[in-house]
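Enquirer: pasting the sequence and the predicted model now:
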Amino acid sequence: MPMKTGLLQSPSRVLGILICAVYLSGCSLFGGSSQSFSITSNPMGATVRINGQEVGVTPLQRDVSRRGDLLVEVEKTGYKSQFRQTSRKLSSLGIVDVIGGAVLLLPLIGLVAPGAWEQDPAVMGFSLEPAAPSSASTPAP
């Protein structure tokens, strides 16, 4: 007579279930800590600062950290400077962590990893306005 075995009676099955549980609730642990970020401007050639640090000129594409918000400044001589700030949103890996954690009733361990989040927006476009001429440079009559 064949012997019945339960789902958790085999050590290899238990290990397989634990591995699946970690992957489904911690996918973001395996995601990167940076992402691609693009900045363009009209006119091109404007200086770009991210969180106060000069990083290049437009058009610009670089990897940025997924942790924390970014303050982006774009400036060009003869034009008004512009500032914008990013925020963070749940990435696709973070969504999988939430679903996996809810299904398996496990703590959502992946949500503490940088891979669970992404900068929003990941692409910024700036249309720079000409600066008004200063009254100090206008000769008095």
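Expert: Structure's in. What do you need? Numbering: from 1, shown residues only.

Enquirer: so how far does stretch 46-54 reach from one end to the other?
Expert: Start-to-end span of stretch 46-54 (Cα to Cα, to the nearest Å) is 11 Å.

Enquirer: again, but for stretch 42-49
Expert: 16 Å.

Enquirer: touching that stretch from outside, list them.
Expert: 39, 54-60, 72-76, 79, 125-128 (Cβ atoms under 8 Å, 6 or more residues apart in numbering). Every C-beta, even on glycine, is put in place using the N, C-alpha and C of the backbone.

Enquirer: quick one: the helices in this protein?
Expert: Ranges of helices in the chain, per DSSP state H, are 11-25, 92-104.

Enquirer: quick check: mean pLDDT of the longest one?
Expert: Averaged over helix 11-25, pLDDT sits at 67.

Enquirer: quick one, strands of the protein?
Expert: 34-42, 47-50, 53-57, 60-65, 71-75, 82-85, 87-90, 117-120, 123-127 (DSSP state E).

Enquirer: average pLDDT for the longest one?
Expert: It refers to strand 34-42. 94.

Enquirer: so which bits of it are buried?
Expert: For strand 34-42, a neighbour-count test (16 or more other Cβ atoms under 10 Å) marks Q35, F37, I39, T40, S41 as buried.

Enquirer: surely D120 touches R84?
Expert: No. Between D120 and R84 there is no contact under Cβ atoms under 8 Å: 11.5 Å.

Enquirer: out of the strands of the chain, which comes closest to R13?
Expert: The closest of those to R13 is strand 87-90. By Cβ to Cβ, the value is 32.0 Å.

Enquirer: now stretch 37-56: buried residues?
Expert: Residues of stretch 37-56 classed as buried by neighbour count (16+ other Cβ under 10 Å): F37, I39, T40, S41, A46, T47, V48, R49, I50.

Enquirer: specify the beta-bridge partners of the second one.
Expert: Spelled out, that is I39. Beta-bridge partners recorded for I39 (DSSP bridges): L60, M124.

Enquirer: which ones are touching it?
Expert: The contact partners of I39, by Cβ under 8 Å, 6+ apart, come to V48, T58, P59, L60, Q61, V72, V74, V123, M124, G125, F126.

Enquirer: please identify which of these is nearest to D97.
Expert: V123 (24.7 Å).
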